[in-house]
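Novice: Quick one: sequence and predicted model below, then my questions.
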Amino acid sequence: MPQEARELYGREPRTVVRGVPVFIDPADLARVDEYVDGNPYHDENSTWDRFRREVIAREARGPFVLDLGCGEGDLTSDLAGRLASVAAADLSLTAVERNRERNPAVRFCVADACDLPYADGLFDSVVCANLFEHVESPPALLTGVRRVLMPGGRLVFSTPSRYRTVNFRRVARGKAVEFNSPHHVTEYTNGQVEEFLRRYGFVLIGVRSNLRCRTLAGTLAAYAMQGTARLIGSHLKVGDPTIYVAHRT
């Protein structure tokens, strides 16, 4: 590897494809590539996606930030526009290559979010836009993120609340919760996410959720439900998505 790459990564890539370091088994590249037939998560114009990108990009602290689970690059572009140095990783080679076309100055690789190839204590911040609910092992994700963050480094990530507004109403009617996407392993309550953070070496700084719904009545109901949750001291965030800001202890 070039000297710059040796300073960035803690191990050699398994292969390099069109200039992109690959840290997963090359035989798995096609199997895990969800973006070959298009973006399965394409929602850049939705209210909740704009909300999460704005908040995450604003809360990230530089100069060096990792966009983990970067996808095709909407958030990467926001970060690259305001920070000195950005690295990005995704499990999909197709997503990484499309992202690199938009953000050529960013340093990309293909990697498993639960098996990060980066050197220890490298980043000022790690950001993850709706990745938490996709991984099989949140403890492995958080342990790896903590390792690559410098002491006091910042983790900023979004994930859908299990009891967001629509699911809160479903449960109140005796129905089961519904996931935002069939690609999700599961979706967590706000209290569960905060417990994961505490257990794996993070201190929570702040929590934000988007209470805007498609209708005025829905928005007013969401604010009323969130206000009730605050009065009773509940962790519940009924908005979608919920964004967590924490720092490495």
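Specialist: Great, that's in hand. No experiment lies behind these values; they were computed from the predicted model shown.
Novice: Look through this structure and tell me its longest strand.
Specialist: The residue-count maximum for a strand in the chain (DSSP state E) belongs to strand 149-159.
Novice: Please enumerate the strands of this protein.
Specialist: 15-17, 20-22, 64-68, 85-90, 107-110, 123-129, 149-159, 202-209, 242-248.
Novice: Tell me which stretches of this structure form helices.
Specialist: All helices of the chain, identified by DSSP state H, fall at 3-8, 29-32, 47-59, 74-80, 93-102, 138-148, 165-172, 190-199, 216-231.
Novice: Could you say which of these is packed most deeply?
Specialist: A comparison of these by mean neighbour count, using mean count of other CB atoms under 10 Å, puts helix 74-80 on top with a mean of 23. From N, CA and C alone the C-beta is placed, and that goes for glycine too.
Novice: which residues are in contact with that one?
Specialist: The contact list for helix 74-80 (CB atoms under 8 Å, 6 or more residues apart in numbering) reads 44, 49, 52-54, 56-57, 60, 65, 67, 70, 86, 88, 99, 102-103, 105-106, 127, 129.
Novice: same question, stretch 55-65
Specialist: So stretch 55-65 is in contact with 75, 78-79, 82-87, 122-127, 129, 154, 156-158, 206, 208, 243, 245, going by CB under 8 Å, 6+ apart.
Novice: Any of the residues you listed buried? List them.
Specialist: 75, 78-79, 83, 86-87, 122-127, 129, 154, 156-158, 208, 243, 245 (16 or more other CB atoms under 10 Å).
Novice: what sits against residue 192?
Specialist: residue 162.
Novice: actually residue 130, not the one I typed
Specialist: 41, 52, 69, 158, 159, 160, 241.
Novice: Next, format the helices of the chain as TSV and append distance to residue 16 and mean pLDDT.
Specialist: Shown next, in TSV, are the helices of the chain (distance: least, CB to CB, whole Å; pLDDT from 0 to 100):
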stretch	distance to residue 16	mean pLDDT
helix 3-8	9	64
helix 29-32	12	96
helix 47-59	29	87
helix 74-80	20	94
helix 93-102	11	97
helix 138-148	21	98
helix 165-172	43	66
helix 190-199	34	94
helix 216-231	47	67
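Novice: Format these as CSV; extra columns: distance to residue 110.
Specialist: Output for the helices of the chain, formatted as CSV (distance: least, CB to CB, whole Å):
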stretch, distance to residue 110
helix 3-8, 14
helix 29-32, 7
helix 47-59, 22
helix 74-80, 14
helix 93-102, 5
helix 138-148, 15
helix 165-172, 33
helix 190-199, 25
helix 216-231, 38
